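1. next comes the sequence, and after it the predicted model I'd like to discuss.
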Amino acid sequence: MQKRTTHSWRERFHHFIRHSNAVEFLVIALIVLSLDAIFIYRYRFDISGRHLMLAGINVVFILSWIALIKRNKYRYIAYALYMAVMFTFFLTDSTLYYFKQDVTSLAMLLESGKNTMRIGIKYNPLTPYGLLTWIMIITVIILFLRFLKRLVYMQSETTALRQGRKKLVIALCFTLMIMLSPWMVEENERLTFQTPADKSLFVQRFGYITYHNLDIVTFAASRIRPLFFSDEYIENINEHSRYELSETSPHFGEFKDQNVIMIMCETCEDYAFIPDLTPNYYALREKSVVFENFYSAAKNNYTYDAEMKALTSMMYSLSDNYMYTFGENTYRNALPHVLRENGYTANSFHNYDVTFFNRDTMHVSLGFEHFLALEDEQLDQGDYWPLDSVMFEDWHDMIAPVQDDPFFSFVLTVTPHGPHTKYREELKTYYDIIEEHLIYRDYEEEFKTLLAAQMDFDKGLGILIDHLEDTGLFDETIIVMFSDHKNYSSFEITEKYTEDSDVPYAIERVPMLIYHDRLQPTETDTLGSHYDVTPTVFDLLGIRYFQDFYHGESLFLEERTDRPIILTHSSWISLEMVVRADEVVLGNDDPEHYQEVKQEIHDTIEYYEQMFFSDYFSDHVSIPGDNE
């Protein structure tokens, strides 16, 4: 009797497996949801049961459509591919979040064949969990996949054919649940749920599985929107724009027709500029207006975003790299384009790959006449990163040419880029100097590597300044220098050595100075960011612009509007309030007022994104015809 019962139970179980996909669903869902749970636990996210239910619905939604595949072989391949994609997201998300508090996206994966991934490869994916944990995770996944294969091949393909209509109904039901998912979250989180572009906050609230499903939808929509809605976006922008001219400062037009050199120093930190080790920077700093309350507005610490915000005062929040997506647009509002229309030559320089971040295309669209990169002058790439000092040595006469017309030169450096955990042979000269220093020789290796890299940048800065002085250009040139973002590669070092690092966003402050012989040297606590760079240069050169096309304002205005420094849909800095990850950490925290401001932030981001989607400035101008 016992044997008959056991035999009967096994028969029923085998019959169930052969005629149902339920066990297959459970196995693959268990694997995927376990990865989500590991990710949530690793970064201590507080996610409710409702949000876990959303993750489950998203998984079953995908699996219900895979279940429609009748042939066991192809269905198993689909399961395996889905698992591979989710594991790839788990791997890249875990690594990116550890180093940059960011997660990957479909757009980033599609860019994986481009050279932009070289930097990402430098970050060790073993770091977030350790080698042993990774071995355990991969081993368990392999075992489950082997078990899943046995289950799938036990399935009766004849039964699968008969159940096709039933499975389609199930798939459509879960599709409907996905469409209704915004109403499954609390009302105060609905705006966040509808903007997966705010990646870090989204995964904190809803997990990475739900994020990636919505990201795919958002990515597809971003490709469709320009095709069908460009005219509507142009109408919206025109209705919103009042064509009011920008305010002017006491310095307005004081430096008309003066040369402009703008230097964006990669990862440069104030704490790694040392007076006796970086003397050229400090010599320039003492002669400049220094903005001590200047923040990086770079999306997820990406250099290209700081670059675009500094050159256009625009913003774009979606997960794709818009220097690729909108590289063919025309940016008549951009600083180089406007300066060329005002009689300047405009060229850009970067000692890295010419195609990196699509700069060879985007810089032309921004209005630069030429973009010089690593390949153009056969610069030595070095063992890790190219040396800034070599770039300035080889290109100083092109960066600051002796000519009749005023020039604008935009210089992007690279040497201080992280990671900083590896000893860099090309910086040996600077390491040796640091080892002889009574104070800094005992600092952490990561600190010394960043310091050594900034010492090389300082050497290059000295070469440029010497050239300016030798040619008589120093007194005829505005120098604008700022960093792109904080040293996120060495987060603990940045927290340790940044003054008042416990104050919200203090570690996002970056060096910013403006020099001209006729500017009175001073230090100011004016709140500013990358958004303000182009409007400030316009102001100094006497170029008025339509304010609604630029988010920033001149840093020299006597009365500045309290325009938020928008970092994401849920993070911004203003005098009224400081918001981080949807929480008011300083200032006015009235809930009703906060929701109003948050909606304004969303509307502002959408406004500028519509400019990208519609290629607005191909047929519209941001500068009035007469700038006298």
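-> Happy to help now that I have it.

2. just the buried positions in stretch 569-588, please.
-> Within stretch 569-588, the residues scored as buried using 16 or more other C-beta atoms under 10 Å are 569-574, 577-580, 582, 584, 586. Placement of C-beta: from N, CA and C, glycine included.

3. what's next to it, contact-wise?
-> The contact list for stretch 569-588, computed with C-beta atoms under 8 Å, 6 or more residues apart in numbering, reads 191-192, 195, 197-198, 200-201, 204, 295, 317, 504-505, 527, 529, 562-567, 589, 594, 597-598, 601-602, 605.

4. average pLDDT for that stretch?
-> Stretch 569-588 shows an average pLDDT of 94 in the prediction.

5. thought residue 399 was touching residue 411?
-> Yes: using C-beta atoms under 8 Å, residue 399 makes contact with residue 411 at a distance of 6.1 Å.

6. residue ranges for the strands of this structure, please.
-> 259-265, 289-291, 294-295, 345-350, 370-372, 407-412, 477-483, 512-515, 522-524, 528-529, 565-568, 571-573, 577-580, 583-587 (DSSP state E).

7. related to what we said a few turns ago, which neighbours do residue 399 and residue 411 share?
-> Common neighbours of residue 399 and residue 411 (criterion: C-beta under 8 Å, 6+ apart): 261, 349.

8. circling back: now list the buried members of the contacts of stretch 569-588.
-> Of the contacts of stretch 569-588, these count as buried by 16+ other C-beta under 10 Å: 191-192, 195, 197-198, 200-201, 204, 295, 317, 504-505, 527, 529, 563-567, 594, 597-598, 601-602, 605.

9. and the strands of the chain, which is most packed in?
-> Of all the strands of the chain, strand 528-529 has the most neighbours on average by mean count of other C-beta atoms under 10 Å, namely a mean of 28.

10. what's the mean pLDDT across that strand?
-> Rounded mean pLDDT across strand 528-529 is 98.

11. that strand pairs with which strands?
-> Taking DSSP bridges as the criterion, strand 528-529 forms sheet pairs with strand 294-295 (parallel).

12. contact partners of the strand it pairs with?
-> Counting by C-beta under 8 Å, 6+ apart, residues outside strand 294-295 touching it are 482, 505, 508, 509, 510, 511, 512, 527, 528, 529, 565, 573.

13. can you name the two of those residues that sit furthest apart?
-> Spanning the widest gap among these are 511 and 573, at 17.2 Å by C-beta to C-beta.

14. wait, which of the strands of the chain is closest to residue 235?
-> Closest among those, using C-beta to C-beta: strand 565-568, at 23.7 Å.

15. what lines up beside that closest one in the sheet?
-> Paired strands of strand 565-568, with direction, are strand 571-573 (antiparallel) (DSSP bridges).

16. what about stretch 125-133, distance to the chain center?
-> Relative to its parent chain, stretch 125-133 has a centroid offset of 24 Å by C-alpha atoms, centre = their mean, to the nearest Å.

17. you'd agree residue 274 is up against residue 447?
-> No: the pair residue 274 and residue 447 does not pass the contact test of C-beta under 8 Å, sitting 10.7 Å apart.

18. got a pLDDT number for the closest residue in space to residue 395 that isn't next to it in sequence?
-> Excluding the flanking residues, the one nearest residue 395 by C-beta to C-beta, 6 or more residues apart in numbering is residue 349, at 5.8 Å. pLDDT, residue 349: 97.

19. quick one: low-confidence ranges for the stretch 51-200 of the chain?
-> Applying pLDDT under 70 to the stretch 51-200 of the chain picks out residues 112-122, 156-164.

20. so which residues of it form helices?
-> 72-100, 106-110, 117-121, 131-154, 157-162, 164-179, 190-193, 199-240 (DSSP state H, counting those that start in this stretch).

21. output the lowest mean pLDDT helix or strand found in this protein.
-> Across the helices and strands of the chain, the lowest-confidence element by mean pLDDT, DSSP states H and E is helix 117-121, at a mean of 50.

22. still on that earlier bit, and residue 475, which of the helices of the stretch 51-200 of the chain is closest to it?
-> helix 117-121 (38.3 Å).

23. break this structure into its domains for me.
-> 9-220, 250-295+324-561 (automatic domain parsing).

24. pipe those into CSV and attach distance to residue 241 per row.
-> Below are these laid out as CSV (distance: least, C-beta to C-beta, whole Å):
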stretch, distance to residue 241
domain 9-220, 24
domain 250-295+324-561, 4
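
25. winner for burial among these?
-> Of all the domains of the chain, domain 250-295+324-561 has the most neighbours on average by mean count of other C-beta under 10 Å, namely a mean of 20.

26. for that domain, measure first residue to last.
-> 16 Å (C-alpha to C-alpha, to the nearest Å).

27. same question for stretch 566-577.
-> So stretch 566-577: terminal residues 12 Å apart, C-alpha to C-alpha.

28. ok now it, how far from the chain's centre?
-> Relative to its parent chain, stretch 566-577 has a centroid offset of 16 Å by C-alpha atoms, centre = their mean.

29. same thing with stretch 33-49?
-> Averaged C-alpha coordinates place stretch 33-49 at 23 Å from its chain's average position (C-alpha atoms, centre = their mean).

30. swap in stretch 192-204?
-> Per C-alpha atoms, centre = their mean, the centroid offset for stretch 192-204 relative to its chain is 14 Å.

31. can I get it as CSV, trimmed to CA atoms?
-> Provided in CSV are the C-alpha atoms of stretch 192-204 (Å, rounded to 0.1, in the frame of the first residue of the first chain):
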residue,chain,number,x,y,z
THR,A,192,8.8,58.1,-9.1
PHE,A,193,7.4,54.9,-10.5
GLN,A,194,6.7,56.6,-13.8
THR,A,195,10.3,57.9,-14.2
PRO,A,196,12.7,54.9,-14.2
ALA,A,197,15.3,57.3,-15.6
ASP,A,198,15.9,58.3,-12.0
LYS,A,199,17.6,54.9,-11.8
SER,A,200,19.2,55.0,-8.3
LEU,A,201,16.0,56.0,-6.5
PHE,A,202,13.9,53.6,-8.6
VAL,A,203,15.9,50.5,-7.7
GLN,A,204,15.9,51.6,-4.1
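
32. shared neighbours, residue 274 and residue 447?
-> Residues touching both residue 274 and residue 447 (C-beta under 8 Å, 6+ apart) are residue 440.

33. show me what contacts the nearest residue to residue 214 once chain neighbours are set aside?
-> Distance criterion C-beta to C-beta, 6+ apart; nearest residue to residue 214, sequence neighbours excluded, is residue 196 at 4.3 Å. Contacts for residue 196 (C-beta under 8 Å, 6+ apart) come out as 202, 211, 214, 215, 218, 319.
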